[in-house]
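Engineer: coordinates only, sequence not included:
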């Protein structure tokens, strides 16, 4: 059985105790063997421990995110690749035409569903 080693900044899904929702978290710290130790909620910033269970799903690299397209309609949890900012995950839909996206450096507000 192959054990996947993770990296800091990688995304994983986990139930956030503060938000009371299952959402994307960012890996904050690892064990010496590369297993996830702590994660940070992308929405509220809460730092919590990470335990593998049926409610947690580390995202294994392999499926590439789709390129960002301002005419596309996005929903929370979707991933994208931006030409300037890199890979990101939609953390919130702010208005009908604005979204917050978590990129490796910070959360940025982008437009979507523009015709």
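Structural biologist: All right, it came through fine. Just so we're clear, the structure is a prediction, and the values are computed from it rather than from any experiment.
Engineer: buried residues in stretch 13-33?
Structural biologist: Along stretch 13-33, the positions that meet the burial threshold by neighbour count (16 or more other CB atoms under 10 Å) are 13-14, 16, 23-27, 30. (C-beta placed from N, C-alpha, C; glycine too.)
Engineer: for stretch 91-105, same thing?
Structural biologist: Buried residues in stretch 91-105, counted by 16+ other CB under 10 Å: 91-93, 99-103.
Engineer: how much space between the closest residue to residue 85 other than its chain neighbours and residue 25?
Structural biologist: Using CB to CB, 6 or more residues apart in numbering and skipping residues adjacent in sequence, the residue nearest residue 85 is residue 103, 4.4 Å away. For residue 103, the distance to residue 25 under the criterion CB to CB, to the nearest Å works out to 15 Å.
Engineer: where do the helices sit along the chain?
Structural biologist: In the chain, no helices are defined using DSSP state H.
Engineer: Can you tell me which helix or strand of it has the lowest average pLDDT?
Structural biologist: When each helix and strand of the chain is scored by mean pLDDT, DSSP states H and E, strand 57-58 comes last, with a mean of 50.
Engineer: can you give me the strands for this structure?
Structural biologist: Remark: strands assigned in the chain by DSSP state E are 11-16, 21-30, 36-41, 47-49, 57-58, 66-67, 79-82, 86-95, 98-102, 107-111.
Engineer: Now the ones you listed in CSV, please, with extra columns for distance to residue 5.
Structural biologist: Listed next are the strands of the chain as CSV, based on distance: least, CB to CB, whole Å:
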stretch, distance to residue 5
strand 11-16, 13
strand 21-30, 8
strand 36-41, 10
strand 47-49, 18
strand 57-58, 11
strand 66-67, 26
strand 79-82, 21
strand 86-95, 19
strand 98-102, 22
strand 107-111, 26
